[in-house]
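Engineer: Below: sequence and its predicted model.
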Amino acid sequence: MTRPKSHTMEELSSSYVSAIISMAGYTSLFSNKGADYGIDLLIREVQYFDGIFRDGDGVLDCQIKSTTNWQENKDH
């Protein structure tokens, strides 16, 4: 049996978002995929303190959406 397309789309979406977050210098933590409480992802800042990189105090909770029906608009 093949995997549902929606599962593949969710994994691709999560990987894409995680890569953007990493390139921006932040860390990401995806919530438990078995439960849906409205928060899919935590984004945390990274701080450098006394020669050590560590999670900072800033946290952003996010919900991720994905679609296959999109259009490119030159105004956006």
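Structural biologist: Cool, got the structure.

Engineer: Check which strands are paired with the lengthiest strand in the chain and give the direction for each one.
Structural biologist: Scanning the chain for the longest strand, with DSSP state E as the assignment, gives strand 52-62. Strands that pair with strand 52-62, judged by DSSP bridges, come out as strand 41-49 (antiparallel).

Engineer: Quick check: buried residues in the longest strand of the chain?
Structural biologist: For strand 52-62, burial by neighbour count (16 or more other Cβ atoms under 10 Å) applies to C62. In this view, the C-beta of every residue, glycine as well, is placed from N, C-alpha and C.

Engineer: Return the mean pLDDT over that strand, rounded to an integer.
Structural biologist: For strand 52-62, mean pLDDT rounds to 86.

Engineer: Next: stretch 15-22.
Structural biologist: 90.

Engineer: chain center to it, what's the gap?
Structural biologist: 6 Å (Cα atoms, centre = their mean, to the nearest Å).

Engineer: So which bits of it are buried?
Structural biologist: For stretch 15-22, by 16+ other Cβ under 10 Å, it's 17-18, 21.

Engineer: now do stretch 42-52
Structural biologist: In stretch 42-52, the ones that count as buried by 16+ other Cβ under 10 Å are 43-44.

Engineer: what residues does that stretch touch?
Structural biologist: 21, 25-31, 53-62 (Cβ atoms under 8 Å, 6 or more residues apart in numbering).

Engineer: Which strands and helices lie in contact with the helix or strand encompassing S28?
Structural biologist: Assessed by DSSP states H and E, S28 sits inside strand 26-30. Applying 3 or more Cβ pairs under 8 Å, 6 or more residues apart in numbering; DSSP states H and E, one finds that strand 26-30 contacts helix 5-23, strand 41-49.
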